[in-house]
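Undergrad: return a 3D structure for these sequence lines:
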Amino acid sequence: MLSKNILLAIVLAPLLGSAIAGLFGRLVGRAGAHWATILGVGVSCVLSAYVLQQLAVGGMPAFNQNVYTFYEVGAYSAHVGFLVDRLSATMMVVVTSVSLLVHVYTVGYMADDPGYQRFFSYISLFTFSMLMLVMSNNFLQLFFAWEAVGLVSYLLIGFWFKRPTAIFANLKAFLVNRVGDFGFLLGIAGVLYWLGTLDYATAFANADRLQGRTVALFPGMPWDVATFICICLFIGAMGKSAQVPLHVWLPDSMEGPTPISALIHAATMVTAGIFMVSRMSPLFELSSTALTFVLFVGTTTALFTGLIGIVQNDIKRVVAYSTLSQLGYMTVALGVSAYSAAMFHLVTHAFFKALLFLGAGSVIIAMHHEQDMRYMGGLRRRMPVTFATAWIGTLALVGAPFFSGFYSKDAIIEAVKEAAHAGGWIHQYALWAVLAGVFVTSFYSFRLLYLAFHGKERFVIEAGPPEHGGDAQGEPHGDAHHGQLRPGHLAHAPHESPWVVTVPLVLLAVPSVALGWLAITPMLFGDWFAGAIVVDPARDVIARLADGFHGPTAFALHGFQTPAFWLAFSGFVAATFLYLLRPQLPSRIAAALRPLVTVLEKKFWFDEAYQAVFARGGLLLGRGLWKGGDVAVIDDGLVNGSAVLIERVAGLMRWLQSGYLYHYAFAMILGLIALLGAFVWSR
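TA: Numbering: from 1, shown residues only. Sure, this is the predicted structure:
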């Protein structure tokens, strides 16, 4: 059996590094901060790989034990515990390996930032929070880790807190995730109420008790209990994994430094929802309604957020919208009960998406923190390593055969196609959308490559110091030029990034090419997730696809004959023609299709709708409650009203208490007459 001490070391090593960098940053200095956190995450990565090797090759059984007890009250108890099986161990390796490379990359990217130690403390704490989430064996620990991930993401997105845009972005992420977390908490409460436990193993073993039970959420409208619990849990996943309509926070999170963009969008926060639903598969398989809801949300996210990426000019935002779209693909896989396909795509996506984000960061460094692709071009000659790795990441993202993204994304498309044979209109909609999304992904991905690395150079090199003094006010050397020079004007010629930036790119490029070929057989068509993921045999589309699987090479060769390949190739051809061969055409097409372009530039008006309905509605409600409740009832009614009453009574008493004896004698005579009159009248 796995050692409890090893598992504790995996989660506590990043926490220790975070504490050293955060609490003793001035004492240990910059080098001490990055070495403490890199070593902490490195230890966690090595031990996670050892745990996975023991589970996958050594035949060691899964670990499920409590290590600390919060409380025990009657039949209820709460613990800190670990459930480490192949599902958890896979996530542990992905999280720690990507995080380790991001830590190394950060040494070069944040070299001149005044918050250097603080940033390392945050990203190491982020790694600890995600490890606690994926290793938890109960819902209470899951929720605490879920909230910890959200809290640290708030700190990281708003890392440059002197920027108003960064503060707005982290507040937006925090508030949107609170909406999802409210549903998540309701789902956990439902598990406790109907199953009487927060322990995973106990809840899953007793999940059949939910069948046939209903709850009347509204009078005369009974809901299936399993459907209610699963939809509430998935609402939590919609927030963390940025699914429509709770997706609006993720593009704005680009206000954080590029290393955290890679960590949040590749291996940690946004993958939490996908992992959680996969872990909860014994519950989700009880409700076809909940799965259909998951499928519809994922399908809508996969296609429509990808369309927005076509019109983005910020290099990081293009990659961010591709993250939204790929998360939609993973959610689609969950909706057709292809949990293993969702996890497989999560794993491959973590590496090639981290590669794309860090590659974008390398370009931003070379361009002196200019992010607008319209002021780039021709960088392939100046940045050969970044250029080559960016092409590898792009080919993996678009699903080129033999690259890792091809194996995982095409598996999802095939699973949807299989489910659509017996499914309803939502399954047909899903099949159409995931195929259309292939063209969209290919188009905006190659558009990014051509605008950044190909064509003529669209920047101007100007000698001399920055116009506005750079960091005189403590502004960070961040992802925007901060007014140092006019857009497209650089103080020095772009050049390749230092080795601490390029080495992580090269290391991430390796799994972006080879991981899919190596992992598809055991992870998708083998027993990799046996015991961790439960699927109803009637909905097991992956089992049906396994009958036609003849190895990764045959799968890739067959990929050249599929509609998905030709759609991706069409996107490549269209992007090549418009942005490489005829670069003057896109502006003309945009002018001709101005209404459609406006819809995409406005991002389907989600932000405006939230602002009108929730922000302004909340403001109007608050003002109404303030004037009608606080002012009218409390201030004027209770507080000020009581003060006015006391003042008037006191004024009357002052008038009566004149201090003259004859006034008091006269009052006594009047009182005596009044008493005698009352006595006579009463008789």
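Undergrad: the strand with the most length in the chain - contacts with which helices or strands?
TA: Longest strand of the chain, by residue count under DSSP state E: strand 63-73. With contacts taken as 3 or more C-beta pairs under 8 Å, 6 or more residues apart in numbering; DSSP states H and E, strand 63-73 sits against helix 4-23, strand 76-84. The C-beta positions use only the backbone N, C-alpha and C, and glycine is treated the same way.
Undergrad: looking at the ones you listed, which has the lowest confidence?
TA: Lowest mean pLDDT within the helices and strands packed on strand 63-73: strand 76-84, a mean of 88.
Undergrad: in terms of secondary structure, what does the following helix or strand past that strand contact?
TA: Per DSSP states H and E, the first helix or strand lying C-terminal to strand 76-84 is helix 86-109. Applying 3+ C-beta pairs under 8 Å, 6+ apart, we find helix 86-109 packed against helix 4-23, helix 25-56, helix 116-135, helix 258-266, helix 269-279, helix 339-366, helix 499-519.
Undergrad: return the set of buried residues in helix 86-109.
TA: By 16 or more other C-beta atoms under 10 Å, the buried positions in helix 86-109 come out as 86-109.
Undergrad: could the helices and strands packed on helix 86-109 go into a markdown table alongside distance to Ile167 and mean neighbour count?
TA: A markdown table is the format used below for the helices and strands packed on helix 86-109 (distance: least, C-beta to C-beta, whole Å; neighbours: other C-beta atoms under 10 Å):
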| stretch | distance to Ile167 | mean neighbour count |
| --- | --- | --- |
| helix 4-23 | 21 | 20 |
| helix 25-56 | 22 | 20 |
| helix 116-135 | 16 | 26 |
| helix 258-266 | 16 | 30 |
| helix 269-279 | 19 | 25 |
| helix 339-366 | 21 | 28 |
| helix 499-519 | 28 | 21 |
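Undergrad: of those helices, which approaches Leu186 most closely?
TA: Closest of the helices and strands packed on helix 86-109 to Leu186 is helix 269-279, at 14.5 Å (criterion: C-beta to C-beta).
Undergrad: present the helices and strands packed on strand 63-73 as CSV; the columns should include distance to Ser261.
TA: Below are those laid out as CSV (distance: least, C-beta to C-beta, whole Å):
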stretch, distance to Ser261
helix 4-23, 19
strand 76-84, 29
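Undergrad: looking at the ones you listed, which is nearest to Ala574?
TA: Each of these has some distance to Ala574 by C-beta to C-beta; the shortest is helix 4-23, at 43.7 Å.
Undergrad: before we move on, the earlier item: looking at the helices and strands packed on helix 86-109, which is closest to Phe403?
TA: Across those, Phe403 has its closest neighbour in helix 499-519 (5.9 Å, C-beta to C-beta).
Undergrad: contacts for the closest one?
TA: Identification of contacts with helix 499-519 by C-beta atoms under 8 Å, 6 or more residues apart in numbering yields 98, 101-102, 104-105, 107-109, 344, 347-348, 351-352, 354-355, 358-359, 361-362, 365, 385-386, 388-389, 392-393, 396, 402-408, 496, 552-553, 556.
Undergrad: CA atoms only for stretch 106-124, dumped as CSV, please.
TA: This file holds the C-alpha atoms of stretch 106-124, laid out as CSV (Å, rounded to 0.1, in the frame of the first residue of the first chain):
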residue,chain,number,x,y,z
THR,A,106,8.8,32.3,-14.1
VAL,A,107,12.4,32.9,-13.1
GLY,A,108,13.0,34.4,-16.5
TYR,A,109,9.6,36.0,-17.2
MET,A,110,9.2,37.8,-13.9
ALA,A,111,12.9,38.6,-13.4
ASP,A,112,12.4,42.4,-13.1
ASP,A,113,9.1,42.4,-11.3
PRO,A,114,9.1,44.0,-7.8
GLY,A,115,6.6,41.3,-6.6
TYR,A,116,8.9,38.4,-7.5
GLN,A,117,8.8,36.6,-4.1
ARG,A,118,5.1,37.1,-3.7
PHE,A,119,4.4,35.7,-7.1
PHE,A,120,6.4,32.5,-6.4
SER,A,121,4.5,32.1,-3.1
TYR,A,122,1.2,32.4,-4.8
ILE,A,123,1.8,29.9,-7.6
SER,A,124,3.3,27.4,-5.2
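Undergrad: who does the longest strand of the chain pair up with?
TA: Using DSSP bridges, strand 63-73 pairs in its sheet with strand 76-84 (antiparallel).
Undergrad: may I see the buried residues of the strand it pairs with?
TA: By neighbour count on 16+ other C-beta under 10 Å, the buried set for strand 76-84 is 77-84.
Undergrad: got the angle between it and helix 86-109?
TA: If you take axes from the mean of the first three to the mean of the last three C-alpha atoms, to 10 degrees, strand 76-84 sits at 70 degrees to helix 86-109.
Undergrad: got the angle for strand 76-84 vs helix 4-23?
TA: Going by the same axes, to 10 degrees, strand 76-84 is angled at 100 degrees with respect to helix 4-23.
Undergrad: strand 76-84 versus helix 269-279: what angle between them?
TA: Per the same axes, to 10 degrees, the angle that strand 76-84 makes with helix 269-279 is 100 degrees.
Undergrad: helix 25-56 and strand 76-84, what's the angle between them?
TA: 80 degrees.
Undergrad: for strand 76-84, what is the distance to the chain centroid?
TA: 25 Å (C-alpha atoms, centre = their mean, to the nearest Å).
Undergrad: show me what it is in contact with.
TA: Everything outside strand 76-84 that qualifies as a contact, by C-beta under 8 Å, 6+ apart, is 2, 4, 7, 51, 55, 62-71, 88, 92, 135-138, 140-141, 192, 196, 198-201.
Undergrad: so how far is the longest strand of the chain off the chain centroid?
TA: 29 Å.
Undergrad: residues of that strand that come out buried?
TA: 63-64, 66.
Undergrad: and of the residues you listed, the nearest to Phe296?
TA: Comparing the buried residues of strand 63-73 against Phe296 with C-beta to C-beta picks out Asn64 as the nearest, at 33.8 Å.
Undergrad: among the helices and strands packed on helix 86-109, which gets the worst mean confidence?
TA: Looking at these, the weakest mean confidence is helix 258-266, a mean of 85.
Undergrad: so what secondary structure elements neighbour that helix?
TA: Counting contacts by 3+ C-beta pairs under 8 Å, 6+ apart, helix 258-266 packs against helix 86-109, helix 116-135, helix 139-157, helix 315-335, helix 339-366.
Undergrad: show me where pLDDT drops low in this protein?
TA: 1, 463-485, 626-639, 655-656, 683 (pLDDT under 70).
Undergrad: can you pull up the most central residue in it?
TA: The centroid of the chain falls nearest to Val270 when counting by C-alpha atoms, centre = their mean (3.2 Å).
Undergrad: can you tell me which residues contact it?
TA: Counting by C-beta under 8 Å, 6+ apart, Val270 makes contact with 240-242, 250, 264, 323, 327.
Undergrad: was I right about Leu55 contacting Ala49?
TA: No: using C-beta atoms under 8 Å as the test, Leu55 is too far from Ala49 to be in contact (11.0 Å).
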